[in-house]
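[1] The amino acid sequence is not available; the structure is as follows:
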């Protein structure tokens, strides 16, 4: 399309169109930022009701500043061309994403539902009821962040109604029974629609379908509530129960707030991480029965009248007993090891003493034959070896004479270490 100007915006291309206006990709001349501009065509502006809804949408978006609600930069409804600028979300809508995927895993459904709850809770706290919650009104960034948009049908609690009593507005696939009947609405009407959206994300289709609008509306009013688990077999039971409660025909049977829905979703995603939003009981029954002594009479009280501690609050004293048992076992093991060591060493000492006595006796007996020399590998002597003499000659004398190690075979190794300088009598 040819560039079109709505000062200070240059309209670049059309990216969407609906009953409440046309959306363009535009460039802000102040800093060349790319934004989305929603323009109300002249023929639509001629309808006073649609014009009032467009002005209401601009009013609502100006007061809502939340990460999961599309941001409005301002606009005008006074000139011939009525428009407002908002942030441009490049990822399309949740409806486009469902069209590509068909249905989603329950983990992704819970993640998207948590973002929806944050947006709806913030809007409800500011007195805004969206009244048209559906996948097509959730814009999606490329990173998967959802942003609630299209507040054209939103109602503000503190202002006048734009919808006549007994009439209804919205998308029939997601309309709550009280919305169909045209009754006064609360934030629970958005929770009903969110339950329908969660069902659609899990199963790939809306909870109610029919050949015409009347059939679908009648099922919302009196039809049985379907279970997502019947088609999404991996859906957790608690998630199926939550969706069933959100789609209850009676608004009083639904969760009270979006914050409560968010807490239950977090509990499904990570059980035990969060506690229910209730005031804790600071004085349980077991503690309330505890006797407490006043400071004035504390010194006069007998020892058995001390303050009682509930059994479940008494400190556990297992550590000292366990430590004592471990020390006893370690001592027993040490004594057993020491006894085995002493039993093994005593025979060795006895045998060593007998060996030395035999050595002295044999040396005295064959002392006159000491002229016989033991052949040494070091000097190459080929003389005969006296077996008895070679076994009984002291090893230390052989070491002083430079004899080979083979001449000391008669001396036990333990004896060499214990008696290095022992002389043998000849």
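    Sure, I can see it. What you are looking at is a predicted structure, and each value in this text was computed from that prediction instead of being measured.
[2] ok, which stretches of the stretch 151-300 of the chain are strands?
    Ranges of strands within the stretch 151-300 of the chain are 155-156, based on DSSP state E, counting those that start in this stretch.
[3] Let me see the ranges of the helices in it.
    Applying DSSP state H, counting those that start in this stretch to the stretch 151-300 of the chain gives helices spanning 177-180, 188-203, 213-222, 237-246, 258-269, 285-288.
[4] Can you tell me which of these is most buried?
    helix 188-203 (a mean of 25; mean count of other CB atoms under 10 Å). (Glycine included, C-beta is placed from N, CA and C.)
[5] hmm, back to that, so which of the helices of the stretch 151-300 of the chain is nearest residue 120?
    Proximity to residue 120 (CB to CB) singles out helix 258-269 among the helices of the stretch 151-300 of the chain, at 4.1 Å.
[6] and that closest one, what other elements does it pack with?
    Packing partners of helix 258-269 (3 or more CB pairs under 8 Å, 6 or more residues apart in numbering; DSSP states H and E): helix 106-125, helix 188-203, helix 237-246.
[7] how about CSV for those helices, with distance to residue 57 and mean pLDDT added?
    Shown next, in CSV, are the helices and strands packed on helix 258-269 (distance: least, CB to CB, whole Å; pLDDT from 0 to 100):
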stretch, distance to residue 57, mean pLDDT
helix 106-125, 13, 95
helix 188-203, 16, 96
helix 237-246, 25, 96
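[8] nearest to residue 252, of those helices?
    Here helix 188-203 is closest among these (CB to CB), at 8.3 Å.
[9] need the helices of the stretch 151-300 of the chain in CSV with distance to residue 154, can you?
    What follows is those, written out as CSV (distance: least, CB to CB, whole Å):
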stretch, distance to residue 154
helix 177-180, 13
helix 188-203, 10
helix 213-222, 20
helix 237-246, 20
helix 258-269, 15
helix 285-288, 48
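[10] I'd like to know which of those is closest to residue 96.
    Per CB to CB, nearest to residue 96 of these: helix 188-203, 13.1 Å.
[11] Now do the closest one: which elements does it pack against?
    helix 94-101, helix 106-125, helix 177-180, helix 237-246, helix 258-269.
[12] between it and helix 258-269, how big is the angle?
    30 degrees (axes from the mean of the first three to the mean of the last three CA atoms, to 10 degrees).
[13] now for the helices of the stretch 151-300 of the chain, which one comes closest to residue 6?
    Per CB to CB, nearest to residue 6 of those: helix 188-203, 32.1 Å.
[14] Name the single longest strand found in this structure.
    Using DSSP state E, we find that the single longest strand of the chain is strand 9-18.
[15] before we move on, the earlier item: out of the helices and strands packed on helix 188-203, flag the one nearest residue 54.
    Nearest of the helices and strands packed on helix 188-203 (CB to CB): helix 106-125, 18.2 Å.
[16] quick one: strands adjacent to the next helix or strand after the closest one?
    Using DSSP states H and E, the next helix or strand after helix 106-125 towards the C-terminus is strand 128-129. When pairs are called by DSSP bridges, strand 128-129 turns out to pair with strand 155-156 (antiparallel).
[17] And the helices of the stretch 151-300 of the chain: which comes nearest residue 142?
    Nearest to residue 142, of those and by CB to CB, is helix 188-203 at 19.0 Å.
[18] domains for the chain, by residue range?
    For the chain, automatic domain parsing gives the domain ranges 1-88, 90-158+166-277, 357-426.
[19] Lowest average confidence across those domains, which one?
    Note on those: domain 357-426 shows the lowest mean pLDDT, a mean of 49.
[20] Excluding chain neighbours, what is closest to residue 255?
    Of all residues not flanking residue 255 in the chain, residue 261 sits nearest, at 5.0 Å (CB to CB, 6 or more residues apart in numbering).
[21] show me what contacts that neighbour?
    113, 117, 191, 194, 242, 246, 255 (CB atoms under 8 Å, 6 or more residues apart in numbering).
[22] among those residues, which two are most distant?
    Longest span within those, CB to CB: 113 and 255, 12.1 Å.
[23] Against which helices or strands is the helix or strand residue 73 falls within packed?
    If you go by DSSP H and E, residue 73 is part of strand 72-76. Judged by 3+ CB pairs under 8 Å, 6+ apart, the packing partners of strand 72-76 are helix 48-63, strand 82-86.
[24] quick one: buried residues of it?
    Buried residues in strand 72-76, counted by 16 or more other CB atoms under 10 Å: 72-73, 75.
[25] and the gap between the nearest residue to residue 238 once chain neighbours are set aside and residue 170?
    Nearest residue to residue 238 in three dimensions, chain neighbours excluded: residue 268, at 5.0 Å (CB to CB, 6+ apart). Separation of residue 268 from residue 170 (CB to CB, to the nearest Å): 28 Å.
[26] same deal with residue 139?
    Computed as CB to CB, the residue 139 to residue 170 distance reads 19 Å.
[27] The two: which has the busier surroundings?
    residue 139 (25 against 20; other CB atoms under 10 Å).
[28] For that one, identify the helix or strand it belongs to.
    strand 138-140.
[29] Who are the packing partners of that strand?
    Right, strand 138-140 is packed against helix 94-101, strand 146-148 by 3+ CB pairs under 8 Å, 6+ apart.
[30] got a list of what the nearest residue to residue 75 once chain neighbours are set aside touches?
    Distances taken as CB to CB, 6+ apart place residue 84 nearest to residue 75, at 2.5 Å, with adjacent residues excluded. With contact taken as CB under 8 Å, 6+ apart, residue 84 is in contact with 37-38, 57-58, 61, 72-76.
[31] Nearest to residue 231, out of the residues you listed: which one, please.
    For the contacts of residue 84, the nearest to residue 231 is residue 57 (35.5 Å; CB to CB).
[32] Would you mind pulling the contact partners of the strand holding residue 139?
    Contacts for strand 138-140 (CB under 8 Å, 6+ apart): 70, 89, 91-97, 112, 116, 146-149.
[33] now these: which count as buried?
    70, 89, 91-94, 97, 112, 116, 146-149.
[34] got these as a markdown table, with distance to residue 222 columns?
    Formatted as a markdown table, these follow (distance: CB to CB, whole Å):
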| residue | distance to residue 222 |
| --- | --- |
| 70 | 35 |
| 89 | 38 |
| 91 | 38 |
| 92 | 35 |
| 93 | 31 |
| 94 | 28 |
| 97 | 32 |
| 112 | 29 |
| 116 | 27 |
| 146 | 32 |
| 147 | 35 |
| 148 | 30 |
| 149 | 32 |
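[35] isn't residue 107 right up against residue 270?
    No: with contact defined as CB atoms under 8 Å, residue 107 and residue 270 do not form a contacting pair (11.0 Å).
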